[in-house]
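Visitor: Sequence below, structure please.
(2 chains)
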Amino acid sequence: MKLSLNQLFWLLTTMEIGMTALLTIGESFKESRQAAWLSILLALLSSLVVTYISSKLCLLFPGKTFVDFVPELIGKWLGKLLSILYLAIWYAVGGVILREYSDFVHMALFLNTPIWVIMVLMILMMIYTVTGGVQTLGRCSEIIGPFITISIVLITLLLAKDFRPVMLLPVLPLQGLGALVKGSLGAFSFLGESIAILMLIGFLQPHRKITAAATGGVALAGILLILITVSTCMVLGPVLPTYFIYPVYSVVQYVSVMEFIQNIDVLAVIVVIFSIFIKLSLYLFITSYGTAKVLGITKWRNITGASAILFLIIALYPKNIIESQVYFPDFWKYIVLPIFIISIPLLLLVIGMLRRRAGKLTGQ
Amino acid sequence: MINRSKACLTLLVFVCLMCGCWDRKELNDQLFDLAGGIDLDESNGNRYLITGQLFVPKSGEGQDPPRSASFLESSRGKNIADAIDNMQQYLSRSMTRGHRRNLFIGEKLARSGISELLDSYTRDPNSRLRTDIWVVKEGTAQDIMKINYPLEKLSAMAPIKIHQAAGGEVGTSLVHYLMASKGEGSSPTLPVVKKFSSPGLDKPTIMFYGRAIFNHKHKLLGYLNYDEAHNRGWIMGTIKNALITTDYQGTVTGFVSQPKSRIYSAVSNSGYVKVEITIKGKIVLKENNSSLVLSEGTDLMKLQQSFNNEIKTQMLNLIHKVQKEYKADVLGIGEAVYRQHPSYWKNHRGKWDNIFVHSEIIIRPKLEIKQIGQQNSPLHVK
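Guide: Residues are numbered from 1 along each chain as shown, chains lettered A, B, ... in the order given. Below is the predicted model of the structure:
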């Protein structure tokens, strides 16, 4: 099972863009209004740092994934505990994303269909992909990633005639720079999900460009996100996006070129579905692979089904859209982001570098 | 062999999925709502009377006698969704709102407030954001929808096309309404139609009247007539062209292409705001009944001055009306102050309605005559 640099790049772009565009832009608009794109830029820069840290951490242990090298780094039991914590978080976020995805598709396309049907169909796809191994996932995103990028650029071009650049002024929000930071947290916490590379880089041939590919993938996703934010602001103004639950979907519904190209919101739905499919498959892969390693099961493919069922159970748990789209993102933003996305990888990197300097690390 | 049967089984599963699960909707079971009308009707605990202009699909060619392309249906309800549900009781197909482009609101309803009914249109994901909403002056939505407009197959399309022909923007009124009502200091507006009898012909037709002004509580305050609305569009940058007639030793009419404007604002700490609006445009003469010899530069300049004075008077009248009569900022001046003086705006946004009424607004017209048509002097000039 090997992953190429190109695949890593597109895998990150694809998994990062969909959910972030759908759910976090409204929050950025709420806090920093017409400067929402600056908030997103801030989120992008911070997530680049996080990705860089995770990538460097992985590169201390070539050919090994997070669950392999953590016990080596901080001791067997502590390492196991940390691995389990991370896996728990990945299970939780996978399940909730499955739910958020189903809620969106349910609203946009299938109002009468029971929500579990939408989930099960997606899960079957995920299992099929994941049992093919990480390489299948990489190849999928090599095709889907460029498609998503082109679609987003295309939608932006179709919206261009409704752009009113004056909507982006004044450049800074009235509420001050604090609002910029506040507005960036949501997007940062979503883009920060790039720490999934902790489980991925081990599958790449050691290469000096790995960090560049990982940060590049996140950067492309962030740039697309800024593009979406700027065009949403120029079409709907700085306030209206806060009024809709899915501002990006609303703005795509607004596309009308010469009364001819209209109602292309289905394209946006497809982009979101594709992106989330990659993201969920990635989470299913790292959870099944990681769980198998932690439990000492040799054939990780055997537990993919069980992991998928766990995803489904978690996805069915939230009672309503507020629990899945407000409470959980808040938990993610205020607890997971500072502890698991920023602090722990940084701490591990520092420990790793110190131990390496002391010559105690045998990973090389 | 096992592989082949596996493949077949998988394909069979996919066939089951193809039909679209629970949300299968045949085209034959759908009814397209092309235009909607909403009136106030407070009887039997209801609030709304809705009217739909519904599309009649053609079944094949060579059909005679030709059926009309649409028909009207109406129902009452406590809110919009309730009224649509009630209408469904006598419709053989299920209502699809994705193709509606027009919504008419009766004057009585507009006066009592429209915020509730807008919710139904922005919440429903099947409803389009690109919708034009019209206020029906001196009448009900049904008055307009009952008119059989001869030029358009679907008569509800008429206001859109009239608006477009008059140089206005189409499909944006819902979004602009929402943006203004959520934006900085602005009062929202909607375009207006009116039932009208063409002079001497005595037949009812649809007239594009102008613009309706709403207050912050989404209640109708009053109207701007066609010219005032057009001039407002000039300031807001939403019109594509304009016609202007001036009187200078006889009437002269010019066609204005590329109408533009720019708002400059100056603020003082006491809260006082001074605004300067520059009006620009390029004029091509359409009709000249004056005795001016246009081939002479001085006469042309005099005429240009006259056009500038005319637009200035018109704009000042418009400003007086919105400032003193309606006391509502529908000219985007609050937005301009917000963009140009953010820190001032931060402290004064709550008092903007009052500040706007007392602010000094001056007009600086900069129209230029570029062409005079294919004739020098009119016939009566010897």
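Visitor: Name all residues that make contact with residue B:45.
Guide: Neighbouring residues of residue B:45 by CB atoms under 8 Å, 6 or more residues apart in numbering or on different chains: residue B:78. Yep, even glycine has a C-beta here, placed from its N, CA and C like the rest.
Visitor: cool, and residue A:353?
Guide: For residue A:353, the contact set (CB under 8 Å, 6+ apart) comprises residue A:60.
Visitor: What distance do you get for it to chain B?
Guide: 45 Å (CB to the nearest CB, to the nearest Å).
Visitor: unless I'm mixing things up, residue A:313 is touching residue A:95, no?
Guide: Yes: here residue A:313 reaches residue A:95: they are 7.2 Å apart, a contact under CB atoms under 8 Å.
Visitor: Which parts of the stretch 1-150 of chain B are strands?
Guide: Taking DSSP state E, counting those that start in this stretch as the test, the strands found in the stretch 1-150 of chain B are B:30-40, B:48-55, B:70-77, B:94-96, B:102-106, B:132-137.
Visitor: Next, format those as TSV and append mean pLDDT.
Guide: TSV is the format used below for the strands of the stretch 1-150 of chain B (pLDDT from 0 to 100):
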stretch	mean pLDDT
strand B:30-40	83
strand B:48-55	85
strand B:70-77	86
strand B:94-96	79
strand B:102-106	89
strand B:132-137	90
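Visitor: got these as TSV, with distance to chain A columns?
Guide: Shown next, in TSV, are these (distance: least, CB to the nearest CB, whole Å):
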stretch	distance to chain A
strand B:30-40	13
strand B:48-55	16
strand B:70-77	19
strand B:94-96	11
strand B:102-106	14
strand B:132-137	12
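Visitor: Skip the chain neighbours and tell me the closest residue to residue B:254.
Guide: Of all residues not flanking residue B:254 in the chain, residue B:283 sits nearest, at 3.9 Å (CB to CB, 6 or more residues apart in numbering or on different chains).
Visitor: and the helix or strand that contains residue B:282, which strands flank it?
Guide: Using DSSP states H and E, residue B:282 falls within strand B:273-288. Strand B:273-288 has the following strand partners under DSSP bridges: strand B:251-267 (antiparallel), strand B:360-371 (parallel).
Visitor: Give me the residues contacting the shortest one.
Guide: Read that as strand B:360-371. Under CB under 8 Å, 6+ apart, the answer for strand B:360-371 is B:244, B:254, B:256, B:272-285, B:300, B:303-304, B:307-309, B:311-312, B:315-316, B:319, B:323, B:333.
Visitor: neighbour count winner among residue A:313 and residue A:95?
Guide: Neighbour count, other CB atoms under 10 Å in any protein chain shown: between residue A:313 and residue A:95, residue A:95 has more, with 25 against 11.
Visitor: which SS class is the more buried one?
Guide: helix (DSSP: H, G, I helix; E, B strand; the rest coil).
Visitor: which ones are touching it?
Guide: Counting by CB under 8 Å, 6+ apart, residue A:95 has contacts A:310-315, A:317.
Visitor: Just send those residues back as a markdown table, with distance to residue A:85 too.
Guide: Shown next, in a markdown table, are the contacts of residue A:95 (distance: CB to CB, whole Å):
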| residue | distance to residue A:85 |
| --- | --- |
| A:310 | 16 |
| A:311 | 18 |
| A:312 | 22 |
| A:313 | 19 |
| A:314 | 16 |
| A:315 | 21 |
| A:317 | 19 |
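Visitor: Just the residues you listed: which are in helices?
Guide: Using DSSP state H, the members of the contacts of residue A:95 that fall in helices are A:310-315.
Visitor: right, so the strands paired with strand B:273-288: which one is the most enclosed?
Guide: Of all these, strand B:251-267 has the most neighbours on average by mean count of other CB atoms under 10 Å in any protein chain shown, namely a mean of 18.
Visitor: what lines up beside the helix or strand bottoming out on mean pLDDT in chain A in the sheet?
Guide: Of all helical and strand segments in chain A, the minimum by mean pLDDT, DSSP states H and E falls on strand A:261-262, at a mean of 78. With DSSP bridges as the test, strand A:261-262 is paired with strand A:256-257 (antiparallel).
Visitor: Could you show which parts of the stretch 251-364 of chain A are in contact with chain B?
Guide: A:253-254, A:256, A:262-263 (CB under 8 Å from any CB of the partner chain).
Visitor: ditto for the stretch 51-200 of chain A
Guide: Within the stretch 51-200 of chain A, the positions near chain B by CB under 8 Å from any CB are A:107-114, A:117, A:121, A:166, A:169-170, A:172, A:174.
Visitor: Selecting buried members of those residues in PyMOL, what would you type?
Guide: To isolate in PyMOL the members of those that are buried, counting by 16 or more other CB atoms under 10 Å in any protein chain shown, one can use:
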select buried, chain A and resi 107+108+109+110+113+169+170+172+174
